[in-house]
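Quick one, structure for this:
(chains A and B)
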Amino acid sequence: KNEVEQSPQNLTAQEGEFITINCSYSVGISALHWLQQHPGGGIVSLFMLSSGKKKHGRLIATINIQEKHSSLHITASHPRDSAVYICAVTQGGSEKLVFGKGTKLTVNP
Amino acid sequence: DTAVSQTPKYLVTQMGNDKSIKCEQNLGHDTMYWYKQDSKKFLKIMFSYNNKELIINETVPNRFSPKSPDKAHLNLHINSLELGDSAVYFCASSPRDRAYNEQFFGPGTRLTVL
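Down below sits the predicted model:
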């Protein structure tokens, strides 16, 4: 079993819908990352968080350290949000990133 | 201004050849990484260097040898290429501070071994 599990693997939504992607992890961490991989292949860091909640535009990331769980929410989704969203954790005491397998999001107009 | 750059973007080569991928960052970061993304899009760390010193070396065949001439560059040399080496290789960098290591990724190098 992977140390970082994401769900769902694939997600299709209509424009305007509220989207939630979940991430659970089984190791001690110093931080959790949400990354976005565009259809063209480039990877961008969206959030890095170790507690609570962060918001950037229409994106919100939350983390519950006790439950070892994080969620990425997208409000008012748009076709340009279509991408693969990857959860990754920095293992405690190292700079090593361990990745989930990603969630492929497709937002239809 | 390119933050993390990789060359080449595409690399097609025959089995058994030796090839290199170069990475440079102009962010002033101390730590650099190589990641491999397989055909199922799963990312996995290969190596990490901090200020030219190897700090993470995952279970990678010794045909793969990273080289860091200075803290702004981390190159990846691969000997005796195999079909299974076909993947997208991403370079990344981050500040040294362990409390804040947001990573900045290069555009990736798609390696195809025929």
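
and residue 13, how many neighbours?
In the absence of a named chain, this looks at chain A. Neighbourhood size, residue A:13 [other Cβ atoms under 10 Å in any protein chain shown]: 17. To be clear about C-beta, it is placed using only N, CA and C from the backbone, and glycine gets the same treatment.

oops, chain B please
Here the count is done by other Cβ under 10 Å, and residue B:13 has 16 residues near it.

With adjacent residues omitted, what lies nearest to it?
Nearest non-adjacent residue to residue B:13, counting by Cβ to Cβ, 6 or more residues apart in numbering or on different chains: residue B:19, 5.5 Å away.

Bridged to residue B:65, which residues?
residue B:77 (DSSP bridges).

Please report how far it lies from residue A:14.
As defined by Cβ to Cβ, to the nearest Å, residue B:65 lies at a distance of 49 Å from residue A:14.

Looking at these two, which is more packed in?
residue B:65 (14 against 10).

That one touches residue B:80, doesn't it?
No. If you go by Cβ atoms under 8 Å, residue B:65 and residue B:80 don't touch, sitting 11.5 Å apart.

Residue numbers of chain A in contact with chain B?
By Cβ under 8 Å from any Cβ of the partner chain, the residues of chain A that approach chain B are A:30-31, A:33, A:35, A:37, A:41-45, A:48, A:84, A:86, A:88, A:90, A:94-99, A:101-102.

Counting neighbours, which bits of stretch A:77-87 end up buried?
Residues of stretch A:77-87 classed as buried by neighbour count (16 or more other Cβ atoms under 10 Å in any protein chain shown): A:77, A:81-87.

Now, these that are in helices?
Among the buried residues of stretch A:77-87, DSSP state H puts none in helices.

surely residue B:47 meets residue B:54?
Yes. The criterion here is Cβ under 8 Å, and residue B:47 meets it with residue B:54 at 6.7 Å.

got any residues that touch both of the two?
Listed as contacting both residue B:47 and residue B:54 by Cβ atoms under 8 Å, 6 or more residues apart in numbering or on different chains are residue B:66.

Chain B against chain A: which residues are in contact?
Residues of chain B lying close to chain A (Cβ under 8 Å from any Cβ) are B:31, B:33, B:35, B:40-45, B:48, B:50, B:55-56, B:88, B:90, B:94, B:98-105, B:107-108, B:110.

let's see it at 6 Å
When proximity is defined by Cβ under 6 Å from any Cβ of the partner chain, chain B lies next to chain A at B:41-43, B:45, B:56, B:101-103, B:105, B:107-108.

just checking, what packs against the lowest-mean-pLDDT helix or strand in chain A?
The weakest-scoring helix or strand in chain A, judged by mean pLDDT, DSSP states H and E, is strand A:97-99 (a mean of 89). Helices and strands touching strand A:97-99, by 3 or more Cβ pairs under 6 Å, 6 or more residues apart in numbering or on different chains; DSSP states H and E, are strand A:83-91.
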